[in-house]
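Visitor: Can you look at this prediction? I've put the sequence above it.
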Amino acid sequence: MKKLVLTEIWVYPIKSLGGISVPNWKVQPKGLTYDRRWMLTDTEGKFLTQRVHPVMALFRLSIDEAGLVVTYKGESLTVPFGLADGPEENVVIWDDTVLAREVSTQHSSWFSERVGFDCKLMFFPEENARPVDPRYKVNDEHVGLADAYPLLIIGQSSLDDLNTRLESPVPMNRFRPNLVFSGGDPFEEDTWREFTVGTNRFVGVKPCARCVLTTVNQETAERGTEPLRTLATYRKRDNKILFGQNLVSLDVQEISTGMPVTVRSYQ
């Protein structure tokens with residue numbers, strides 16, 4: 001049996017903007033700490049993503065003690081962790097309507113000027129409700145502003161398998177995982193139910209259906225046809241293209257790269 005090891009941890013504080021690679025991080029009930037707790041919306045409160053606005057890929061993020069640092073073409077903006085000046089208002093993410101707060105009109109204006117249309121930077125407080133799909137819950141879990149589930153895991157072997165089929169290999173950032181592991185067989189994560197990273201327990205609940213966001217080059221914001229076109233030839237199930245496994249967490253511990261991944265049960 002091959003040894004499974006956690007090799008990457010990724011956090012995406014503002015939905016559909018750049019991710020941050022970290023060596024260790026705290027797991028929370030709604031996902032990794034700070035992961036997709038902010039998002040941009042249009043003036044009607046509907047969420048914005050790279051699916052429609054590829055330019056969002058060009059916003060880079062980092063974290064310091066004061067908050068998030070967002071950089072776009074050499075210009076930077078700090079989003080303080082505790083700042084959310086606006087009143088609670090409804091925002092829409094897929095089929096869910098949840099309560100969030102605008103960070104500030106100044107922050108919203110900064111983003112609006114750079115994406116080229118009016119938008120708002122919204123914050124989703126930890127205590128606000130957004131239940132996961134009841135068909136896939138384990139213990140009445142909630143999620144932040146990720147598409148549907150708190151976490152996503154992908155095996156490096158799965159990406160390696162895909163890249164053998166592509167004319168131009170793609171990096172893992174096309175798929176925006178939270179956790180990446182080495183060892184094991186391609187797409188092994190599809191079969192996992194209960195597993196641990198270190199001693200933190202996770203449950204695989206649903207394969208992740210992929211969309212056109214995977215075709216956006218995260219360095220240039222250019223959109224093509226791959227890897228979605230190739231994935232459709234061998235990873236299509238029930239008219240959905242699958243890559244990666246959605247997760248919920250049973251524990252809220254710190255995890256670190258280099259920790260062993262141990263599968264306890266299978267689907």
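Guide: Nice, thanks for sending it over. Numbering: from 1, shown residues only.
Visitor: so where is this protein shaky, pLDDT-wise?
Guide: For the chain, the stretches flagged by pLDDT under 70 are 1.
Visitor: For it, which helix extends over the most residues?
Guide: helix 105-115 (DSSP state H).
Visitor: buried ones in that one?
Guide: Across helix 105-115, burial judged by 16 or more other CB atoms under 10 Å covers 107, 108, 110, 111, 112, 114, 115. For the C-beta atoms, the positions are set from N, CA and C on the backbone; glycine is no exception.
Visitor: can you list the residues that contact the helix or strand following that helix?
Guide: Counting by DSSP states H and E, the next helix or strand C-terminal to helix 105-115 is strand 120-123. The contact list for strand 120-123, computed with CB atoms under 8 Å, 6 or more residues apart in numbering, reads 14, 37-43, 45, 79, 83-84, 86, 91, 100-104, 107-108, 111.
Visitor: hey, C-alpha coordinates of stretch 110-126 in PDB?
Guide: What follows is stretch 110-126 as a C-alpha-only set of coordinates in PDB (Å, rounded to 0.1, in the frame of the first residue of the first chain):
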ATOM      1  CA  TRP A 110     -11.600  49.800  -5.000                       C
ATOM      2  CA  PHE A 111     -12.800  46.500  -6.500                       C
ATOM      3  CA  SER A 112     -15.300  48.100  -8.700                       C
ATOM      4  CA  GLU A 113     -12.700  50.400 -10.300                       C
ATOM      5  CA  ARG A 114     -10.500  47.400 -11.100                       C
ATOM      6  CA  VAL A 115     -13.100  44.900 -12.400                       C
ATOM      7  CA  GLY A 116     -14.800  47.600 -14.500                       C
ATOM      8  CA  PHE A 117     -18.300  47.600 -13.100                       C
ATOM      9  CA  ASP A 118     -20.000  48.200  -9.700                       C
ATOM     10  CA  CYS A 119     -19.600  45.500  -7.200                       C
ATOM     11  CA  LYS A 120     -19.500  45.000  -3.400                       C
ATOM     12  CA  LEU A 121     -17.100  43.200  -1.200                       C
ATOM     13  CA  MET A 122     -19.200  41.200   1.300                       C
ATOM     14  CA  PHE A 123     -18.200  39.400   4.500                       C
ATOM     15  CA  PHE A 124     -20.000  36.300   5.700                       C
ATOM     16  CA  PRO A 125     -19.900  36.100   9.600                       C
ATOM     17  CA  GLU A 126     -19.000  32.800  11.100                       C
END
